[in-house]
Every structure is written in structure tokens, then in C-alpha cells.
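**Student:** heads up, no residue letters with this:
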């Protein structure tokens, strides 16, 4: 029948559309943007917060992340996370190593691979900031190769169908656990192992000045990349996902704006009196909006909303962002007090922010009645009881323990073989000169020589 | 019947596609890119045209725009523009304050909110350039909060179904009126109220040098963002809109290229002989392509095409852009002659450019026969008579009066309470040092002290 | 019948969707991003590798590319490439000059125009790097106008339905021939004609130091733009293209990562001992990862994968990228040995990379069984015999000859009329000061005067 044929033609066309659109939705803009967008953003941010003698080196470290991180994710990471061959279980995936799918499945496999590779390299790049200005480039390359493995297991637990946390209905829309908590913990462990920069906590330290314009530029790039990630994580072809994506965008933006307002307020109260001391008191000091506190406050609020973005309200987003900025700001101050040297504040942003972000899901998460996929329980404040909060807490604790143990092993291994730390001489001259032959500024040379003469 | 079931299934699938695609079209790339892309672009542009002692401060002001502007747009702006509750009329919208839509409508509401919030923050960010290098950050924050209201009324008039200009069939595809004219007028009022920088028009003024690489980088980012805005404004799910979007992209690009050629020619004729004097004459001066004139000429042509992009021809676009660049260039020179100090040329670009751009629609606008939505009348040159030109002129005059009055009130209010202007000492040391504790360069310090000693 | 009506409505809706999606797929993100994204990326890259006294000028040259290149592409380029009027043949297109399509076709025509205009301006912008720091801006503007013609013929041969290479089933997914080979050859011819910078190959040359942070930033922007280009080139509305696009993205990323690893290894082996000498030997020199070699190695691997990206495997991509980085690195060294002065290494990246890239298609290309459009033959290693390799070789040879002859004529013409080269005085003071009135740094002035005094 003509009619039947027509219907059949529709079928084909619709099928075509489903394919095409899968491509658009899960891949297009989002995927191709993210990988280099994030590296660019983190690179600029970290470079802008480091001293000038290390700014090229930190950019190169973000190139290393993409290059070595993506390759190892292709070799083993994707398989450990999403492999479904024999042997895959609640703890690990198996299969799809050296990913090379056939023509039938390559559309979805490649799209997923590229999107997930960005998550993996982000977990690594977070660490580069915390150990900036004193770590060897070759050691960092080794770390990139190994950190893919550290990342892939928690990612399997949270996102793979048979991951044990996924099976308990953990909520993590865009990687607050596997990306930011893993990255944050590893950054802390690394910053402790690699020890503070020379003179960082002495009283006569020469203040370090970075390129703040680049730092703010990095913030803008990351801000936008974050929107991509948070929305992209909800992408799909079924009916209601676009609504969830729109909500993710709105909650992400509002949370960051609220975090920004809080960061502005806090930067009026908290005053950096020296490189490692702060004083407090509203209006006690004149207008001095500390750029690093502002930028990191906003980033902290972005981390906080990452896990819950698709399944909460605008009001909750505003609360989450404001608390996220507080947690980040005081986390940063606490770390300085504890003499942990984290040049860019990565630990405060990603570790503190993500702990709060994971718990948030248990407090403010809404049951996903549209897609029945992102969340199956209401959080505590919506009367859902303690179940979800319990799961989220367990996720946080487990991921922290996993990351502390594995990253400690990885970093100690590297330290004992290649050696993590630059020599004092190299550190004083700066990695740009020592690693990349960039011109040595006269004042850096002079200061370095005066220290070395002692 | 099997056949019926099949058809029914198609229905569901197609519905799903309409939803998904609404999402893609109105949201995806465009929306998430714009907000931070524009701030990033304006930030770099303004920072690159300001003196080095203020470049961090101007970046932070663009962060302020996003943070405070988006929040107030969420609180009142969106409601004043698009609210349809009881009380909404030709002059103002009512409702949707503290936007928190239900699951049914959140897809469209959130998408629209995010896209429109970018327009609103752009209208504000334009002003930051005109009052750069001498305005307090806290005063600017207050201005951000209040300017959302100044912007929202004209946006309602032009874009809301019951807005009075919309009802008269005004043509404004992507905000030449509510965004650029409001922003440009406000910038002029603000620049006059806040007065010129110290020594700006004295003969022995030390020439200010910014980071021109960043200024051009900002141009590139804005260029691309503009394409997104002009195309994004035509997005929709019905049949012919994609054609209109493609035309918008083509006219926008061609207009800017034509404006660029004109700007290159003009920069051969116009010669800046000192910080506030120009001479003219082709080939009288050697090759000196003034970066600020070039960049602002291109931006002026982009402003000019903003209102009409979807409903005109390529030839008209080329004419519009060329005239737009002229208007901007000579506007800039006229302002310097009138001793209005606008460090980045925002008034010339956005005020002069948008007046020409609004009138253009009445001259070169084509009746929209594809979607019957962007324009219902032909412009003067296509034989449509004076109706459209009349409406456009009325729109321009009304928006100018509105903006002059409201922004004057807002700025005077802030000046009388917080105070708009930095002290002379702060201005000389630079906002980077005074507001953000950025290192004070020795030559800036020396010059500042020499002036203060007088 | 109700049923029939329903089906009819589907038809309309589906038609609408095909239109809309054509728009999304071929235009949206990809198109609007690319034009200014690439100029921004190339601008930063070139500016970051040039000495500080020329960094503004090189950014402006990238503005010139967009402005003048797009306009001439609108005037003649698009017509010469894709025009189908009477007179169009295997060698050239005719028609569509001053592109102004009617409402029926404007969707596809404008989308294609904008996407293709980016290819054209890229072919030109490649040259700006090779002749940086010593070429007049007005001469460069003239070159922009004329190079559109140089580019358009090979583009017609490779991409137009009746182009002679297309008819022989040449494989070139995203422009390795018309864009990179044409650009690379022209860059070489231009670098030779314009001669080396003053003192470039003398032993007492003052080493030139650029802003390496900007160079790496440019790399990131280009990296991402490349993904857009390589995927965008496969875009379409029929069934399987999204799969091919996903494969293009994966092969592009993996090739560049593999190229990156190779570049890191090479930068351990190759050591720049002076501005124009290298030594070799693994571990003979201390860690000095040369930024330019790293960046160009990655770019070279991106060029290499450009032609074949949609029709090869991940394993082949990794091999192609690694070889591409080698070819680029040793190409760069060879050019220095041959005393060809190419400040940013554009010739090595685009000429060497693209020759390898074109031949690759003949070696590793897979028959396109999904869309039957990108490739109709298997390459040598898949048992397809020598046919494809023969066609690719012929394409390479013909395009090289075409580009050498036409660009030589164009450049000589400009040299004899306007003059290509800055005077020695202008070159020493730098184009930023001479062309754009940017402040002259004291050390540049001093050095220039000391040379001129001789």
C-alpha cells in the first residue's frame, strides 16, 4: 500500500534523524569544545596565578595533560571505565582497550570516548596547579600516564551500569566525585609530597605576582566550559532530556553567580596581610578585592553544583553556590595556615568544593521524574529521608580513601625513580628558563643568585 | 491496527524530536557560549585599551557584570521583560520574578532566561569601558544591580508580545535598541557624570598604552560572539528559520568585513597627532594604522547590522557596515573634541552605531515572507514608504530619552551615596593596585608621586 | 482519511526538521566558530612566536585576513570554486559572484559560503606567519586580495562536482590540499622572496623572544578549531554521516596526541644551540623542551590527519600523527639550514605536513561504505593497490606546481609595485611602532639605533 510505503519511508528518515541527532546532542559543540577548552582555561588560570618565571611551563603541562592523558585513556582508561567484556564487574570494567570500534557502533563509542577523555584529563590537570613552580616536567608526564588509572576506577563505580555506587543510585551528574574529588585529593597528596616552594612560608618572602588578566581570562573560559560539561552530561535523544539540560545550565549559572556575590563579600572581610597571613573584619581594610579569592570562590561554587545540577531548583542552586564559595575561601586560608603550598588554590576549589557538592546531592537532590535516570530518590530537605545522603557520604568517603592511597603510591613511585622536585637552582631560576629555554629575566636571575650564594 | 500503531509511534518520536531540537536550537552552543564569551571579549577589549595599571580591574568589572547582572535579571529583569501575570501591559511585564518554572515549562523558560540574561549583562558591560580607569568597583557593582531595571523596560517594549513598539511592528532582530542604544546612551551619561581622567585633555599628558594584542583578541572573541547572537536571535523550530539564520550570519560577516575595509581606509586618512588631536589627509602621514580606530570601526559595523541582520540583502549589509564604521570613527573623534573621556570608545561604537543601525531597518529592511515574524513592512529603499522608518525613528528617540533620564537618576543616586569616582591618589596609582593589591609598577608610582607632590 | 492526514502532517514536520537540521549540522556552531576562531588562534600563535616589537602587527594581519579575504571570497572566490553557470568546467567554476542568493536557496548557499570562506582565509593566514616581522601591511593587504584567486582553483578541483581531481576520486576531507598545501607552498615562496630578517643567520644575532604563553594559547584554540573543521567537513543530513564525524573527531584527537608525544621525544633529542644551529643526542642535553618545536609538532600532526580523518582507523591515525610530527620537526631544521627564514615555522607545519597528509590518504584511506562519498577506493595498506596513491601523488604535484607559479607571480607583482619589504629602519624599530604607533620599547630603540649608526 502507498500508505504503508510512506510510513516506511518515515521510519527510515526518523531513524536517520535519531542517528544524526545523537551525534549533534552527544558530540557536536560540547565534545569538541571541552577537551581543549578546559585545558586552555586551566592553563591560563594556573599560568595567571603562578609567578612569571613559570607561566610557560604550566601552559605546557596542560598540553601534556591532553597529549598523554588522552592517549592513556584510549589505551586503558576507557576500557577500565566502560568495558563490558568478560571480567567486568562492580569494581572495574574490562575490554575496549585501544578503542577501535566497528562502523556499526563507532558513532556512539567515539562520541562517548571523546567526552569522557575530557573528564579524565581534567582530573589530572587539577593537580598541575597544586604542584606548580617546583615539579619536573618529566615527572609530571609520568604522573599523567599513571593518573588515568587512578581516575578510571571511581568513574566506573559512579557511571558504569554495573558500578557499585551506580547500583546504589548515587547522584553525580557531571563528575563531582570522579573528576573533582579525585583531582582535589590527588592535588592535596601531591602538594604535601612535593613540599612547599622555597621560602613560601618565611616572613621575608618575595611576593609572587602572576598575570591576573590571564587568570580572569582562564576563569571565563572555564566558566563557559563548565556549562558545556554540566549540560552535556545530560544530553541524550529521549524526550525530556533537553529540559533537564536547560535546568542544568540555569542552576549552574545561578550557583556561580551566587558564589561570585559571596566571594565578593568575603574578599571585603578577609584581608591578606602577607603571603601567608590573613586578617578579618568588615570594612577594617580598604577596598582590596583579592583576585585569587574571587576567582576561586566562583570556581568553588561551580564545583559544588556539578553533581546535582540537573536535579535541583534555582533556589537550592543559589544556596549551594554561596556555601561552595565560603567553603573554598576558608579552605584556602586553612591550607595556608597548615603550610600546605598550593600556588593556585586547586585543593580548596576541587577538594573542599566537591565534598560539599557530593553531600548537597543528598540534601537538595530531586527525584528525576522526567527521565528516571539521574536520581531515583529525593534528598533530605524534600522529605526523602537519609538514604540518598547516606549513599553520597559513602561515595565521598570511599573515593577519598581510594584517591589518597593510589595517588600516594603513584607519586612516591615517581619520586623514587624520576624524582618529583626541581633542584633549588632550577626552582629559583624558574621552570620556563630551565625546562623551555625561555629568556631569564634579570631580576629573577639576580634574586636566584643572591639566594644561591648563601 | 498495526499501521495506526506505527503512526502513533512516529508521533511520539517526532514530538521527542521537537523537544530535543528546541533545546538544541534555542540553547546548545549559542546560549552557553554567549554569556561568558561576551564578558570575556569585552573584558579583553577594554582591558587591552586601558592603561596597564587598570587592566585587572576592568576584567574584574566584567566578572561583576555576569555575577550581579545575571542575579538581578533572575530576580526582576526577566519578569519585567517577559512576565505575563496580571498587571503586565504595553509598558512593563509582571511575573516570573525569582524565576523557578515547573518541569513542564522549564525547558523553554530557562533557555530563554539564559539567552536574554546575556543581552542584559551586555547592556551593562558597555558602560564599564566608558568609565574605566577612574570609577570605584563598589559603585560599579551598585550600577550593575540597578542597570538591569534600566534595560528591562526597552527590552519589553521591543521584544514582548504586548510591548508597544513590538505592536507597531518595530524591527530589531538582535538588540540594537535595548542592548546597544541603551548601553551606548548610558555610557555617554556615565562618562559625562564621572568626568575625564586626570590630565586627559592637557597638552603634556603622558600617553596611555594598553595591551593591543589583548584588544585585538577581544575583537576576535566579540566578532564570533556577535555571529552567535545575531543568528541565535532567529533560532526556532519552524520551517524557514534556519534560512534566516544563515542570512543573518552572512550579512553580519559581510557588514563587518565592509566596516573593516572602511576602517582601514579611514585610519590612512585620520591621523592621531596627540592624545586629543587629529589631523587628516590621505597619504599625508606615513603608514600608521591606529589599532583603536580599526577595532572600533569593525565593532561599529557589527552594531549597525545587529537590528536588521535577518531581513536584508548582502549588498545592503556591505553599505550598512561601511557607513557604520564611518559613523563610529568620526563619532569617536567628535567625542574627543567635546572633551568627553571614553577610554575605549564605547560611546561611539554603541551609541552612534546603534542610532544608524536602528534607522537602517527603516531604510533597508525587507518584509519577512518566510516566517512573518521579524519584519512586516518593507523599508524605504524597497518602496515600502516611510512607515517603518517612522517607527524606527520613534523607537530610537524614545529609547534615548528613557535611557538618558533613568541612567542619570541611577548614576546620580550612586554618586551621592557611594561616590562614583576614585580619589586622585587612587586614580594615579591605578585601580589594579588600589582595588586588587596588584603590584605597583615603579614608573607608575614615580609619576603618581610626582603629580601628588604638586 | 484521518490516517492519511496524520501521515501528511508528519511529512511536513519531517521536512521542517530536515531544513532545520541542515542548518544546525552544516552551520550552527561549526561555521560561526571557525572563521574568527581560526584567525584568533593563528593570530595568537604567530604573535606569540614573533618578537614583542611585532606582536600587534601580526594580530592586525589576521584581522586583515578575515576582512579582505572574506570580501574577495564573496566577490569572486565562492564563484570560482562552486559556481555552476555556463562556462564552469573541470578547471574552474563560474557564477555566484557577489553572492546574493534568493530566499529558496539562501540557507544552503550562505552556510556553505561561510564555511568555505574560513578555508580560504586560512590558506592566506598561513603565509602571514612565514613573512612576519619584515613585511609591509599594505603589501599584505594586496596579497590577501589576490591570494583568494590562488586558493579558489585547487579548491574547485578537489571539492566541486566537476573538478578534475574530484572526478578521479581524490580523497581530501578537510582541505589538506587546497588549504594547507596551497598555504604552505605560498608561505615558502613568500619567505624566499621577502628574504630573511636582518641578522637572522649571523652568529651574533640577538635571540628573539616571543610570548610563549600566547603561542600555547593559540595552539589550544587551533586544536579545537581543527576538530570543528575536520568534523564539520563531514556534516550532512543523511543517515551515517554522524558516525563519520565522530570518527573524524577521534582520529584527529588521537593523531594530535600521538604527534604530541613524538614532539616531546624529539625535543629531548634535538637541541637548539643557537638561533640557527641544532645538535642531537638523547639525554646529551638537559631537559629543554623547546616550545616552538612542541607546538609545531602538534600542529604538523593535525595537518597530516586533515585529509584522511573521516576514512581511517585509530591505529593509522596514531601512526600518521607521529610521522607528521617528525616531518614537521626535521622540516623546520632543514629550512633553517637552508637559511629560509620562517619565524613561526609555518612552512614546515603546513607544507611538509600536508605532503605527508595527502600521501597518507593513498596509503591508509578506507573506502567509505557508509556514505559512499568521501572515498571510493581502499588505500595501499588495505590492499586497494596503487590507484588512490597515484591520484593523491598527482594531486600533490599539481597543487604544488600551481601554487609555486601563481604565488610567485602574485608576490612579484606586489613587490614591484607596492614593495613587500619594510625598510631596514622600520624592521629594526618593529612593525608595531612603525605601522601602529605602539610605544617603542627603550631596548628596541637602543639596539635599532646602534645598528643604524653602523
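**Tutor:** Received, thanks. From a predicted model like this one, the values you see are computed outputs, not experimental measurements.
**Student:** okay, which residue is most central for chain A?
**Tutor:** Of all residues in chain A, the one closest to the mean position by C-alpha atoms, centre = their mean is residue A:180, 4.3 Å from it.
**Student:** in chain A, what residue is nearest chain B?
**Tutor:** Across chain A, no residue is closer to chain B than residue A:242, which sits at 2.7 Å (C-beta to the nearest C-beta). Every residue, glycine included, has its C-beta placed from N, CA and C.
**Student:** can you check the pLDDT for that residue?
**Tutor:** Listed pLDDT for residue A:242 reads 70.
**Student:** what of the one 3 residues further on?
**Tutor:** The confidence metric pLDDT takes the value 80 at residue A:245.
**Student:** same check, this time on the one 5 residues further on
**Tutor:** pLDDT, residue A:250: 90.
**Student:** OK, contacts around it?
**Tutor:** Listed by C-beta atoms under 8 Å, 6 or more residues apart in numbering or on different chains, the contact set of residue A:250 reads A:314, A:317, B:99, B:106, B:110, B:113-114.
**Student:** okay, those residues in a markdown table with secondary structure, distance to chain C and pLDDT next?
**Tutor:** Shown next, in a markdown table, are these (DSSP: H, G, I helix; E, B strand; the rest coil; distance: C-beta to the nearest C-beta, whole Å; pLDDT from 0 to 100):
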| residue | secondary structure | distance to chain C | pLDDT |
| --- | --- | --- | --- |
| A:314 | helix | 27 | 95 |
| A:317 | helix | 26 | 97 |
| B:99 | coil | 26 | 94 |
| B:106 | helix | 22 | 84 |
| B:110 | helix | 20 | 85 |
| B:113 | helix | 21 | 87 |
| B:114 | helix | 16 | 84 |
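**Student:** report how many residues lie close to the closest residue to residue A:211 other than its chain neighbours.
**Tutor:** Counting by C-beta to C-beta, 6 or more residues apart in numbering or on different chains, the nearest residue to residue A:211 once its immediate chain neighbours are dropped is residue A:48, at 4.8 Å. Neighbour count of residue A:48, defined by other C-beta atoms under 10 Å in any protein chain shown: 25.
**Student:** poorly predicted segments of the stretch 251-400 of chain A, please.
**Tutor:** A:281-287 (pLDDT under 70).
**Student:** just the strands in it please.
**Tutor:** Remark: strands assigned in the stretch 251-400 of chain A by DSSP state E, counting those that start in this stretch are A:270-274, A:277-280.
**Student:** which stretch among the ones you listed comes nearest residue A:395?
**Tutor:** With C-beta to C-beta as the criterion, residue A:395 lies closest to strand A:270-274 of the strands of the stretch 251-400 of chain A, at 31.1 Å.
**Student:** can you list the strands that that closest one pairs with?
**Tutor:** Within its sheet, strand A:270-274 is paired with strand A:277-280 (antiparallel), according to DSSP bridges.
**Student:** how about residues contacting the strand it pairs with?
**Tutor:** Applying C-beta under 8 Å, 6+ apart, the contact partners of strand A:277-280 are A:269-273, A:285, A:333, A:336.
**Student:** please apply the same query to stretch A:158-175.
**Tutor:** A:81-82, A:88-91, A:93, A:119, A:122, A:155-157, A:177-178, A:229-230, A:232-234, A:248, A:306-311, A:358, A:361-362, A:365, A:374-377, A:388, A:391-392, A:394-395, A:398.
**Student:** again, only this time at 7 Å
**Tutor:** A:81-82, A:88-91, A:93, A:119, A:156-157, A:177-178, A:229-230, A:233-234, A:248, A:306-311, A:361, A:365, A:374-377, A:388, A:391-392, A:395 (C-beta atoms under 7 Å, 6 or more residues apart in numbering or on different chains).
**Student:** buried sites along that stretch?
**Tutor:** A:158-160, A:163-166, A:168, A:170-175 (16 or more other C-beta atoms under 10 Å in any protein chain shown).
**Student:** could you export those residues to TSV, including columns for pLDDT and secondary structure?
**Tutor:** Shown next, in TSV, are the buried residues of stretch A:158-175 (pLDDT from 0 to 100; DSSP: H, G, I helix; E, B strand; the rest coil):
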residue	pLDDT	secondary structure
A:158	96	helix
A:159	94	helix
A:160	94	coil
A:163	96	coil
A:164	97	helix
A:165	97	helix
A:166	96	helix
A:168	96	coil
A:170	97	coil
A:171	96	coil
A:172	95	coil
A:173	92	coil
A:174	91	coil
A:175	93	coil
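**Student:** related to what we said a few turns ago, would you list the strands of the stretch 251-400 of chain A in a markdown table and tack on mean neighbour count?
**Tutor:** As requested, these are exported to a markdown table (neighbours: other C-beta atoms under 10 Å in any protein chain shown):
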| stretch | mean neighbour count |
| --- | --- |
| strand A:270-274 | 15 |
| strand A:277-280 | 13 |
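**Student:** which among those strands is found nearest to residue C:322?
**Tutor:** strand A:270-274 (47.4 Å).
**Student:** contacts for that closest one next, please.
**Tutor:** Outside strand A:270-274, the residues touching it (C-beta under 7 Å, 6+ apart) are A:278-280, A:285, A:288, A:290, A:293, A:329, A:333.
**Student:** my guess is residue A:40 contacts residue C:219. True?
**Tutor:** No. With contacts counted by C-beta atoms under 7 Å, residue A:40 stays clear of residue C:219, the gap being 9.0 Å.
**Student:** which one's more surrounded, those two?
**Tutor:** The residue with more neighbours, out of residue A:40 and residue C:219, is residue C:219; 30 against 27, by other C-beta under 10 Å.
**Student:** wait, a strand at that one?
**Tutor:** No. Counting by DSSP: H, G, I helix; E, B strand; the rest coil, residue C:219 is not found in a strand; it is helix.
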